[in-house]
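Visitor: sequence and predicted structure, then a few things I'm wondering about:
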Protein chains: 2
Amino acid sequence: MTLLDRLSAAIGAQHVLTGTDTARYATDWTAVYSAVPLAVVRPANTAEVADVVRIVSEAGVAIVPVGGNTGLCGGTYASDAIMVSLERMNAIREIRPEARVAVVEAGVVLDTLHAEAAAHGLTFPLTFGARGSAMIGGCLSTNAGGSNVLRYGSTRGLCFGLEVVLPSGEVLDLMTALHKDNSGYDLKDLFIGAEGTLGIITAATLKLVPKPSAYATAMVALSSLDDALALLNRLQEATGGAVEAFEYMPGATVEAWCDHFKEMRPPFDRTYDVNILVEVGATAPRDATPAPDGSLPVVDDLETLLGEMLEEGTVLDAVVARSEAQRAEMWNRREHHADVALGKPPFVNADVSVPLDRVQTFLDGMASKLPALDPEAYPLIVCHLGDGNIHYSALISSDDLYDPVLAAVEDQALSLGGSFSAEHGIGKSKLASMRRRKDPVALKVMRQVKAALDPEGLMNPGKVLPEA
Amino acid sequence: MTLLDRLSAAIGAQHVLTGTDTARYATDWTAVYSAVPLAVVRPANTAEVADVVRIVSEAGVAIVPVGGNTGLCGGTYASDAIMVSLERMNAIREIRPEARVAVVEAGVVLDTLHAEAAAHGLTFPLTFGARGSAMIGGCLSTNAGGSNVLRYGSTRGLCFGLEVVLPSGEVLDLMTALHKDNSGYDLKDLFIGAEGTLGIITAATLKLVPKPSAYATAMVALSSLDDALALLNRLQEATGGAVEAFEYMPGATVEAWCDHFKEMRPPFDRTYDVNILVEVGATAPRDATPAPDGSLPVVDDLETLLGEMLEEGTVLDAVVARSEAQRAEMWNRREHHADVALGKPPFVNADVSVPLDRVQTFLDGMASKLPALDPEAYPLIVCHLGDGNIHYSALISSDDLYDPVLAAVEDQALSLGGSFSAEHGIGKSKLASMRRRKDPVALKVMRQVKAALDPEGLMNPGKVLPEA
């Protein structure tokens, strides 16, 4: 029997896709990485995933897991490989509201989980632009971040337990829903963020939190990033840590948005250098219950603080959302940022992070380095300021400048104790950075772990770890 | 040169202790595990730790790291081994208040860090009874938990970055202070909780949080654990998640305390079955600023909720602390719990966890199983109810009953999706449980990781992983 025959026998011929049927899996959202896989298989459950892994690895063929295919680093590029799509494993097995736990399969779409949890007054507080197609397995495999990491942590911090099909085909059952479990090494966190190179995540127990019943959302113009950090710290203190998002956009970014989306209204009458989209989520009734005049205490509190800072001169202007529609408009601008750059190649798209108190130093450095490398370059920066993650994109005048500009961005981040990969992961696109910039001892230990768990090297090969 | 000569040459003869000088390292706090090490060495910095590891491993001798020696599972038992004490690496290298980061060496005592952070209005929110001697390196190596995990997570969740001396003597530098870093496998979490079996943690970057400026602390008697969970969820909603501690003590435990500590006043005039020590921490000025009459909003809010539940009949009685002295008295009872049992062997001392909504089922099961095994057994239970961690101790009538009683406790936890080791770790004392109860596939993967990173098996041997 051929490999495809054995796979068909294991999971049904209709779930072994070849030829043009593989097209929608073969190219990811960035359209940069495209390869025709040997086949795409769609197992229905954990046992079928294990069967698939055993069959494919016995044939000595590479295995590439795929979820919603919304990654930005080529993590699902599958040349000469069998792709394993988790899309049919899309059951929410259980939601336990009292324990605030959801048990889900890897193919559940993030937004579907949001909707199911909301029916219990709860939420799974991971969110980003691609939430309508990204799947839980991919979120876990890339340790996805997004806009609310500030309050709730990355995907890693929202996962109690995992089920993983190992490269051997064995099933590793770490599906606990425990807040405390010190029974040996923390294997769970080894698979989270490993981008499918150590095994295939098939299910998870996830942490739910109370869904805020009211939000205070505002666009704020400030005189400096230091003042923005002061706003963040004062707001965290005033709300007991209820700031959900704190997004920074330079004036040049806002202008590029308005230029690209003609229907988009600018947030202010004039352009400011430092623009912050801030959102506070309120769960307490006394914060979230409207007063007789319809005003919300959580919104009043934000306005009071902004008023104080306006008087002090640190806040220059502010618009507070007065309706869900106004709130949606503020977020709409932010979440379509990627579209602006994608339409205008060549561009550099860096995803770096630095400690919170060094973002300004990072930007100051780039403000002198970028024009020196490319006088025509146009930086398109957005920053999850609350967690130090800077999406430093730049439209550049020539493909030849890609490497030097990217190197300058990464050098600048690393010189400040930062990382060259904050939330998008490594995939294929950052292998060169990984080789050049990651501590050699750390790379060596990662290779030791990879060799121990996947000695044949068949699990999503050519991703995360550059060749030695 | 002998091994000790080489060590003396590397770090100074006065820091290579032998004979009676090793006594205070040789026996841990439980006094159960005692062995005379070949020597105790006290390196002054990371380079000296690396030298020590290279010298000792070249001699083929085992290495056992030790911090404050306050562990409860024999993790520092050192027979035929060189103990490496981190006590001289006790510098707080840096506190950066704006970024809420502390950079510390492994030998810093937990309470020392508390005091340093407090000078900036911040805290490192890990706390437990042994905080006056436990060191950061040990907290990290055991992923210590304690009373505030509910709000802040275990040590793992409070650590941004690590520095580790590997079994090879190489230094692994993961000392970032980043909220987002997806540059390859999550090695940091592999060393946290590994109890020194994969390397020696020498330094860490830790997360600080605003120190609450006011607390609302109360002892509450309720009619059931379900009602206690309802109190927790309502209080979390009312405070936006500011509940710091939620500790459960059955009536029998309170009676045992009062019997043991004659000077200790009981919390209530009569004995209740379900007693909760609850604490809310307030950082927001509007919660923590005293009213003209001296009352605190955070305390008023707790009293209001307790009043509502008194009327509903779910709360039976409640005492709210009116002063720091009253608060200290409530905590004093809780934190001296271990002393009660330690004075009365033989006793079983289990540290299990279950999902939050299954604690009652666990206790119901044990209430029938324990008397069946030992009619004279006296259970001494305290429970971090907010995180599902049950310290199930029982005074038993004979040493022969130790294994069957422990097995019954662990069986009961595992049957509810729980863990046989919640926060104390494995060390030597839970090797048998690890062998019997841990998923065999998980054990296999742990052994693969151990063999990959420590092929000679010299790093804290005989701990965490039972022999295959």
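Guide: Thanks, I have it. Treat the numbers as computed from the prediction; the structure is a model and nothing was measured.
Visitor: can you give me the neighbour number for residue A:149?
Guide: Using other C-beta atoms under 10 Å in any protein chain shown, residue A:149 is surrounded by 28 other residues. Every C-beta, even on glycine, is put in place using the N, C-alpha and C of the backbone.
Visitor: kindly report the same for residue A:59.
Guide: The number of residues packed near residue A:59 is 15, by other C-beta under 10 Å.
Visitor: again, but for residue A:230
Guide: A count of nearby residues for residue A:230, using other C-beta under 10 Å, gives 17.
Visitor: sec struct for it, please.
Guide: When classified by DSSP: H, G, I helix; E, B strand; the rest coil, residue A:230 comes out as helix.
Visitor: ditto for residue A:248
Guide: strand.
Visitor: next, count neighbours for it.
Guide: When neighbours are counted by other C-beta under 10 Å, residue A:248 comes out with 22.
Visitor: just the one 4 residues further on next, same as before
Guide: Counted with other C-beta under 10 Å, the neighbours of residue A:252 add up to 14.
Visitor: so it touches residue A:379, yeah?
Guide: Yes - between residue A:252 and residue A:379 there is a contact under C-beta atoms under 8 Å: 6.3 Å.
Visitor: tell me the domain ranges of chain A?
Guide: Chain A resolves into domains spanning A:3-85, A:92-210, A:214-335, A:339-424 when parsed by automatic domain parsing.
Visitor: those: which one's closest to residue B:180?
Guide: Among those, the nearest to residue B:180 by C-beta to C-beta is domain A:339-424 (4.1 Å).
Visitor: show me how far that closest one is from its chain's centre.
Guide: 17 Å (C-alpha atoms, centre = their mean, to the nearest Å).
Visitor: kindly report the same for stretch A:305-316.
Guide: 32 Å.
Visitor: burial measure for the closest residue to residue A:412 other than its chain neighbours, as a count.
Guide: Leaving aside its chain neighbours, residue A:412 sits nearest to residue A:365 (4.7 Å; criterion: C-beta to C-beta, 6 or more residues apart in numbering or on different chains). For residue A:365, the neighbour count with other C-beta under 10 Å is 18.
Visitor: what helix or strand does residue A:365 sit in?
Guide: Using DSSP states H and E, residue A:365 sits in helix A:359-373.
Visitor: packing partners of that helix?
Guide: The helices and strands touching helix A:359-373, judged by 3 or more C-beta pairs under 8 Å, 6 or more residues apart in numbering or on different chains; DSSP states H and E, are helix A:225-239, strand A:378-384, strand A:389-395, helix A:402-415.
Visitor: could you give the angle of the second one to helix A:402-415?
Guide: So the one you mean is strand A:378-384. Put simply, strand A:378-384 runs at 40 degrees to helix A:402-415, going by axes from the mean of the first three to the mean of the last three C-alpha atoms, to 10 degrees.
Visitor: quick one: list the elements packing against strand A:378-384.
Guide: Counting contacts by 3+ C-beta pairs under 8 Å, 6+ apart, strand A:378-384 is packed against strand A:243-250, helix A:251-260, helix A:337-342, helix A:359-373, strand A:389-395.
Visitor: try it again with 7 Å
Guide: Contacts defined by 3 or more C-beta pairs under 7 Å, 6 or more residues apart in numbering or on different chains; DSSP states H and E place strand A:378-384 against strand A:243-250, helix A:251-260, helix A:337-342, strand A:389-395.
Visitor: tell me the most buried of the helices and strands packed on helix A:359-373?
Guide: strand A:389-395 (a mean of 24; mean count of other C-beta atoms under 10 Å in any protein chain shown).
Visitor: tell me the buried residues in stretch A:310-329?
Guide: A:314-318, A:320-321, A:327, A:329 (16 or more other C-beta atoms under 10 Å in any protein chain shown).
Visitor: over to stretch A:147-155?
Guide: A:147-155.
Visitor: chain center to stretch A:9-28, what's the gap?
Guide: Mean C-alpha position of stretch A:9-28 versus that of the full chain (C-alpha atoms, centre = their mean) differs by 27 Å.
Visitor: got the buried residues for it?
Guide: Quick answer for stretch A:9-28 (16+ other C-beta under 10 Å): A:10-11, A:15-17, A:22, A:25-28.
Visitor: now flag whichever of those is closest to chain B.
Guide: Nearest to chain B among the buried residues of stretch A:9-28 is residue A:28, at 17.0 Å by C-beta to the nearest C-beta.
Visitor: I'd guessed the closest one sits against residue A:78; true?
Guide: No - in this structure, residue A:28 is not within contact of residue A:78 by C-beta atoms under 7 Å, at 9.9 Å.
Visitor: near chain B, which residues of the stretch 251-400 of chain A?
Guide: By C-beta under 7 Å from any C-beta of the partner chain, the part of the stretch 251-400 of chain A that sits against chain B consists of A:283-285, A:287, A:353, A:355-357, A:387-389.
Visitor: most neighbours, which of these?
Guide: residue A:353 leads those on contacts (other C-beta under 10 Å) with 32 neighbours.
Visitor: just give me the neighbour total for the nearest residue to that one once chain neighbours are set aside.
Guide: Once flanking residues are discounted, residue A:353 sits nearest to residue A:422: 3.7 Å by C-beta to C-beta, 6+ apart. Around residue A:422 there are 28 other residues, counting by other C-beta under 10 Å.
Visitor: what of residue A:265?
Guide: Neighbours around residue A:265, by other C-beta under 10 Å: 9.
Visitor: tell me which helix or strand comes right after the helix or strand bottoming out on mean pLDDT in chain A.
Guide: Across the helices and strands of chain A, the lowest-confidence element by mean pLDDT, DSSP states H and E is helix A:337-342, at a mean of 77. Downstream of helix A:337-342, the first helix or strand assigned by DSSP H and E is strand A:347-353.
Visitor: can you name every helix or strand that that following strand contacts?
Guide: strand A:389-395, helix A:402-415.
Visitor: quick one, the longest one and strand A:347-353 angle?
Guide: Interaxial angle of helix A:402-415 relative to strand A:347-353 (the same axes, to 10 degrees): 10 degrees.
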